[in-house]
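Enquirer: Sequence and computational prediction follow.
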Amino acid sequence: MKAYNIRKQDIALYLKIRYTIHERGDYVPNFESLYLYLFNRITDAVEEIKEQNYGKAREILMKAQEEAEERYMKEE
């Protein structure tokens with residue numbers, strides 16, 4: 001798997017949201033895991049688009065959406 005840079009602003013926002021939700025006592029799904037998974041799959045799709053493999057890019061995105069939804073539902 002490729003390594004990708006995550007912006008410090010994104011991490012700070014994520015942590016702020018997670019802390020706020022935690023302080024309110026609400027359920028906190030593991031958004032970090034979902035974010036990283038989707039970020040990597042989207043990056044893979046972008047690479048396919050650069051190579052004009054549009055069908056493969058579409059397939060990657062559709063599978064990523066389904067997998068992210070399944071992961072989210074398992075955590076609830």
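Expert: Arrived safely, thanks for sending. Residues are numbered from 1 along each chain as shown.
Enquirer: in the chain, which spans are helices?
Expert: Taking DSSP state H to define them, one finds helices in the chain at 8-24, 31-50, 54-75.
Enquirer: okay, those in CSV with mean pLDDT and mean neighbour count next?
Expert: Every residue, glycine included, has its C-beta placed from N, CA and C. CSV is the format used below for the helices of the chain (pLDDT from 0 to 100; neighbours: other CB atoms under 10 Å):
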stretch, mean pLDDT, mean neighbour count
helix 8-24, 71, 11
helix 31-50, 91, 15
helix 54-75, 90, 13
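Enquirer: Once you drop chain neighbours, what's closest to Arg34?
Expert: Quick fix: residue 34 reads Leu, not Arg. Ala68 (5.5 Å; CB to CB, 6 or more residues apart in numbering).
Enquirer: now Glu48
Expert: Nearest to Glu48 is Ala57, by CB to CB, 6+ apart, at 4.0 Å.
Enquirer: quick one: that neighbour and Ala45, what's the gap?
Expert: To Ala45, Ala57 is 4 Å away according to CB to CB, to the nearest Å.
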